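In: compute the structure for the input listed below.
(2 chains)
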Amino acid sequence: GESVGLHLPTLSVQEGDNSIINCAYSNSASDYFIWYKQESGKGPQFIIDIRSNMDKRQGQRVTVLLNKTVKHLSLQIAATQPGDSAVYFCAENRSTGFQKLVFGTGTRLLVSP
Amino acid sequence: AAGVIQSPRHLIKEKRETATLKCYPIPRHDTVYWYQQGPGQDPQFLISFYEKMQSDKGSIPDRFSAQQFSDYHSELNMSSLELGDSALYFCASSLGQGNSPLHFGNGTRLTVT
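Out: Numbering: from 1, shown residues only, chains lettered A, B, ... in the order given. Here you go, the predicted model:
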(Lines give C-alpha, C1' and ligand atoms only; values in the text may rest on other atoms or scores of the structure.)
Protein backbone atom coordinates (compact mmCIF):
# COMPACT_ATOMS: atom_id res chain seq x y z
CA GLY A 1 0.00 0.00 0.00
CA GLU A 2 0.98 3.63 -0.17
CA SER A 3 3.21 4.80 2.61
CA VAL A 4 5.62 7.40 3.75
CA GLY A 5 8.87 6.08 5.08
CA LEU A 6 12.40 6.97 6.00
CA HIS A 7 15.62 5.32 4.88
CA LEU A 8 17.58 5.57 8.13
CA PRO A 9 16.13 4.86 11.53
CA THR A 10 19.07 6.44 13.42
CA LEU A 11 21.49 9.14 12.43
CA SER A 12 24.46 10.00 14.64
CA VAL A 13 26.40 13.21 14.00
CA GLN A 14 28.88 15.43 15.75
CA GLU A 15 27.95 18.86 16.97
CA GLY A 16 28.53 21.39 14.23
CA ASP A 17 28.06 18.90 11.40
CA ASN A 18 25.30 19.22 8.88
CA SER A 19 22.57 16.57 9.10
CA ILE A 20 20.45 15.19 6.32
CA ILE A 21 17.32 13.17 7.03
CA ASN A 22 15.62 11.51 4.10
CA CYS A 23 12.07 10.45 3.42
CA ALA A 24 10.41 8.62 0.54
CA TYR A 25 6.74 8.89 -0.28
CA SER A 26 4.68 6.91 -2.71
CA ASN A 27 1.56 8.94 -3.42
CA SER A 28 2.21 11.25 -6.33
CA ALA A 29 -1.07 13.02 -5.52
CA SER A 30 0.32 14.35 -2.24
CA ASP A 31 0.76 18.08 -2.43
CA TYR A 32 1.89 19.18 0.99
CA PHE A 33 4.69 17.89 3.17
CA ILE A 34 5.72 18.73 6.70
CA TRP A 35 8.70 17.89 8.86
CA TYR A 36 8.11 17.43 12.57
CA LYS A 37 10.54 17.08 15.45
CA GLN A 38 9.50 15.02 18.45
CA GLU A 39 11.38 15.10 21.70
CA SER A 40 10.82 12.51 24.39
CA GLY A 41 7.54 13.02 26.20
CA LYS A 42 6.39 15.77 23.87
CA GLY A 43 4.16 16.09 20.87
CA PRO A 44 5.43 16.54 17.33
CA GLN A 45 6.72 20.07 16.83
CA PHE A 46 6.35 21.75 13.44
CA ILE A 47 9.70 22.50 11.79
CA ILE A 48 9.09 23.39 8.18
CA ASP A 49 6.67 22.64 5.38
CA ILE A 50 6.76 22.64 1.61
CA ARG A 51 4.12 22.54 -1.07
CA SER A 52 4.41 20.50 -4.21
CA ASN A 53 4.84 23.57 -6.42
CA MET A 54 8.22 24.17 -4.78
CA ASP A 55 11.39 22.10 -4.70
CA LYS A 56 13.22 23.90 -1.92
CA ARG A 57 12.37 25.92 1.12
CA GLN A 58 14.64 27.34 3.76
CA GLY A 59 14.05 28.18 7.38
CA GLN A 60 16.35 28.98 10.23
CA ARG A 61 19.17 26.40 9.98
CA VAL A 62 16.83 24.02 8.16
CA THR A 63 16.19 23.38 4.49
CA VAL A 64 13.64 21.05 2.99
CA LEU A 65 14.14 19.68 -0.49
CA LEU A 66 11.41 18.04 -2.51
CA ASN A 67 12.07 15.90 -5.55
CA LYS A 68 8.72 14.99 -7.03
CA THR A 69 10.28 12.98 -9.84
CA VAL A 70 11.55 10.35 -7.45
CA LYS A 71 9.10 11.14 -4.65
CA HIS A 72 11.81 12.06 -2.21
CA LEU A 73 11.92 14.56 0.59
CA SER A 74 14.87 15.58 2.74
CA LEU A 75 15.49 17.75 5.75
CA GLN A 76 18.85 19.40 6.08
CA ILE A 77 19.93 20.81 9.41
CA ALA A 78 22.94 23.10 9.36
CA ALA A 79 25.44 23.24 12.21
CA THR A 80 23.62 20.57 14.18
CA GLN A 81 23.40 21.18 17.90
CA PRO A 82 22.79 18.80 20.83
CA GLY A 83 19.36 20.37 21.21
CA ASP A 84 18.51 19.02 17.76
CA SER A 85 18.61 15.47 19.12
CA ALA A 86 15.11 14.07 18.65
CA VAL A 87 13.02 11.88 16.39
CA TYR A 88 12.17 13.50 13.08
CA PHE A 89 9.07 12.61 11.10
CA CYS A 90 8.08 13.56 7.62
CA ALA A 91 4.35 13.78 7.05
CA GLU A 92 2.39 13.75 3.85
CA ASN A 93 -0.94 15.35 3.10
CA ARG A 94 -3.14 13.07 1.06
CA SER A 95 -6.41 14.85 1.58
CA THR A 96 -7.88 17.53 -0.60
CA GLY A 97 -9.40 20.25 1.55
CA PHE A 98 -9.03 18.85 5.03
CA GLN A 99 -5.71 17.57 6.17
CA LYS A 100 -5.19 13.98 7.16
CA LEU A 101 -1.47 13.91 7.62
CA VAL A 102 0.14 10.53 7.16
CA PHE A 103 3.36 10.17 9.07
CA GLY A 104 6.36 8.20 8.03
CA THR A 105 8.57 6.15 10.31
CA GLY A 106 10.70 8.48 12.38
CA THR A 107 14.45 8.92 12.24
CA ARG A 108 16.26 9.39 15.50
CA LEU A 109 18.93 12.06 15.31
CA LEU A 110 21.69 11.79 17.90
CA VAL A 111 24.05 14.74 18.21
CA SER A 112 27.24 14.25 20.13
CA PRO A 113 29.02 17.23 21.71
CA ALA B 1 2.09 31.81 22.23
CA ALA B 2 -0.76 29.61 23.31
CA GLY B 3 -0.47 25.98 22.31
CA VAL B 4 -2.74 22.98 22.16
CA ILE B 5 -3.65 21.85 25.66
CA GLN B 6 -4.44 18.24 26.45
CA SER B 7 -5.66 16.70 29.65
CA PRO B 8 -4.99 14.63 31.52
CA ARG B 9 -1.28 14.25 30.93
CA HIS B 10 -1.26 10.69 32.19
CA LEU B 11 -4.10 8.24 32.67
CA ILE B 12 -4.13 4.72 34.03
CA LYS B 13 -7.18 2.54 33.48
CA GLU B 14 -8.04 -1.11 33.78
CA LYS B 15 -9.29 -3.31 30.98
CA ARG B 16 -12.93 -2.76 30.08
CA GLU B 17 -13.01 0.65 31.73
CA THR B 18 -13.75 3.90 29.92
CA ALA B 19 -11.58 6.98 29.45
CA THR B 20 -12.16 10.52 28.26
CA LEU B 21 -9.36 12.62 26.83
CA LYS B 22 -9.73 16.36 26.36
CA CYS B 23 -8.17 18.75 23.89
CA TYR B 24 -8.23 22.53 23.82
CA PRO B 25 -7.03 23.86 20.46
CA ILE B 26 -5.03 26.97 19.80
CA PRO B 27 -7.34 30.00 20.01
CA ARG B 28 -9.13 30.67 16.71
CA HIS B 29 -8.22 27.25 15.34
CA ASP B 30 -11.40 25.58 14.16
CA THR B 31 -10.09 22.13 13.24
CA VAL B 32 -8.92 19.42 15.61
CA TYR B 33 -7.32 16.07 14.92
CA TRP B 34 -6.68 13.04 17.08
CA TYR B 35 -3.68 10.78 16.63
CA GLN B 36 -2.56 7.63 18.41
CA GLN B 37 1.13 6.82 18.81
CA GLY B 38 2.30 3.45 20.06
CA PRO B 39 5.80 2.92 21.48
CA GLY B 40 8.38 3.49 18.79
CA GLN B 41 5.68 4.08 16.20
CA ASP B 42 4.68 7.02 14.09
CA PRO B 43 1.44 8.84 14.93
CA GLN B 44 -1.65 7.25 13.38
CA PHE B 45 -4.60 9.41 12.41
CA LEU B 46 -7.83 8.63 14.23
CA ILE B 47 -10.38 11.32 13.49
CA SER B 48 -10.77 15.03 12.78
CA PHE B 49 -13.40 17.73 13.21
CA TYR B 50 -13.99 21.03 11.48
CA GLU B 51 -16.51 23.51 12.86
CA LYS B 52 -17.91 20.84 15.19
CA MET B 53 -18.56 18.37 12.40
CA GLN B 54 -16.57 15.25 11.75
CA SER B 55 -14.42 15.93 8.73
CA ASP B 56 -12.41 12.76 8.32
CA LYS B 57 -12.00 9.37 9.91
CA GLY B 58 -9.00 7.13 10.10
CA SER B 59 -8.20 3.98 12.01
CA ILE B 60 -10.41 4.72 14.97
CA PRO B 61 -11.97 1.65 16.64
CA ASP B 62 -15.74 1.51 16.99
CA ARG B 63 -15.18 1.54 20.76
CA PHE B 64 -13.90 5.10 20.46
CA SER B 65 -15.92 8.19 19.72
CA ALA B 66 -15.12 11.87 19.64
CA GLN B 67 -16.79 15.21 19.28
CA GLN B 68 -16.00 18.87 19.00
CA PHE B 69 -17.93 21.32 21.12
CA SER B 70 -19.17 24.85 20.49
CA ASP B 71 -16.03 26.30 22.09
CA TYR B 72 -13.97 24.13 19.67
CA HIS B 73 -12.52 21.91 22.34
CA SER B 74 -12.71 18.22 21.61
CA GLU B 75 -13.07 15.04 23.62
CA LEU B 76 -12.06 11.52 22.74
CA ASN B 77 -14.15 8.91 24.50
CA MET B 78 -12.77 5.41 24.76
CA SER B 79 -14.81 2.49 26.04
CA SER B 80 -14.14 -1.18 26.76
CA LEU B 81 -10.46 -0.41 26.98
CA GLU B 82 -8.02 -3.07 25.89
CA LEU B 83 -4.35 -3.53 26.71
CA GLY B 84 -3.53 -2.59 23.13
CA ASP B 85 -5.05 0.83 23.62
CA SER B 86 -2.07 1.81 25.74
CA ALA B 87 -0.42 4.58 23.78
CA LEU B 88 0.18 8.28 23.52
CA TYR B 89 -2.83 10.17 22.23
CA PHE B 90 -2.14 13.47 20.57
CA CYS B 91 -4.50 16.20 19.63
CA ALA B 92 -3.58 18.73 16.97
CA SER B 93 -5.30 21.85 15.72
CA SER B 94 -5.17 23.99 12.62
CA LEU B 95 -6.91 26.98 11.17
CA GLY B 96 -9.46 26.05 8.55
CA GLN B 97 -9.14 23.60 5.74
CA GLY B 98 -6.40 23.52 3.23
CA ASN B 99 -2.70 23.15 3.60
CA SER B 100 -1.77 24.69 6.91
CA PRO B 101 0.43 23.15 9.58
CA LEU B 102 -1.04 21.03 12.33
CA HIS B 103 0.10 22.07 15.78
CA PHE B 104 0.25 19.27 18.32
CA GLY B 105 -0.29 19.14 22.04
CA ASN B 106 2.01 17.17 24.32
CA GLY B 107 -0.35 14.25 24.44
CA THR B 108 -2.07 12.05 26.98
CA ARG B 109 -0.26 8.88 27.91
CA LEU B 110 -2.87 6.18 28.44
CA THR B 111 -1.87 3.00 30.20
CA VAL B 112 -4.35 0.14 30.32
CA THR B 113 -3.61 -2.57 32.88
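In: what's the local residue count around A:N53?
Out: Burial of A:N53 is recorded as 8 neighbouring residues (other Cβ atoms under 10 Å in any protein chain shown). For the C-beta atoms, the positions are set from N, CA and C on the backbone; glycine is no exception.
In: where does the chain have its least confident helix or strand?
Out: The chain I'm using is chain A. One helix or strand of chain A scores below all others by mean pLDDT, DSSP states H and E: strand A:4-5, with a mean of 48.
In: not quite, go with chain B.
Out: Per mean pLDDT, DSSP H and E, strand B:53-57 ranks last in chain B, at a mean of 90.
In: can you tell me the closest non-neighbouring residue to whatever residue of chain A ends up closest to chain B?
Out: Closest residue of chain A to chain B, Cβ to the nearest Cβ: A:G43 (3.5 Å). Leaving out its chain neighbours, the residue that sits closest to A:G43 by Cβ to Cβ, 6 or more residues apart in numbering or on different chains is B:F104, at 3.5 Å.
In: who does that neighbour bridge with?
Out: B:A92 (DSSP bridges).
In: OK, contacts around it?
Out: A:Y36, A:G43, A:P44, A:Q45, A:F46, B:V4, B:Y35, B:F90, B:C91, B:A92 (Cβ atoms under 8 Å, 6 or more residues apart in numbering or on different chains).
In: right, and the helix or strand after the least confident helix or strand of chain A?
Out: Sequence order places strand A:10-14 as the next helix or strand after strand A:4-5, per DSSP states H and E.
In: what helices or strands is that following strand leaning on?
Out: strand A:19-25, strand A:107-112 (3 or more Cβ pairs under 8 Å, 6 or more residues apart in numbering or on different chains; DSSP states H and E).
In: list the buried ones in the longest one?
Out: By neighbour count, with 16 or more other Cβ atoms under 10 Å in any protein chain shown as the criterion, the buried positions of strand A:19-25 are A:S19, A:I21, A:N22, A:C23, A:A24, A:Y25.
In: can you name the residues that contact the first one?
Out: Pointing back at A:S19 there. Contacts of A:S19 by Cβ under 8 Å, 6+ apart are A:L11, A:V13, A:L75, A:Q76, A:I77, A:T80, A:D84, A:L109, A:V111.
In: so how far is B:T113 from whichever residue of chain B sits closest to chain A?
Out: Nearest residue of chain B to chain A: B:F104, at 3.5 Å (Cβ to the nearest Cβ). Using Cβ to Cβ, to the nearest Å, one gets 26 Å for the distance from B:F104 to B:T113.
In: surely A:A79 touches A:Q14?
Out: No: if you go by Cβ atoms under 8 Å, A:A79 and A:Q14 don't touch, sitting 10.9 Å apart.
In: tell me which residues touch the residue nearest to the spatial centre of chain B, please.
Out: In chain B, the residue lying closest to the centroid (Cα atoms, centre = their mean) is B:W34, at 3.3 Å. Residues in contact with B:W34, defined by Cβ under 8 Å, 6+ apart, are B:C23, B:F45, B:L46, B:I47, B:S48, B:I60, B:A66, B:S74, B:L76, B:Y89, B:F90, B:C91.
In: so where does it fall, helix or strand?
Out: Going by DSSP H and E, B:W34 is part of strand B:31-37.
In: if we can go back for a sec, in PyMOL, select just the buried ones from the contacts of B:F104.
Out: This is how PyMOL selects the buried members of the contacts of B:F104, with burial counted by 16+ other Cβ under 10 Å:
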select buried, (chain A and resi 36+43+44) or (chain B and resi 4+35+90+91+92)
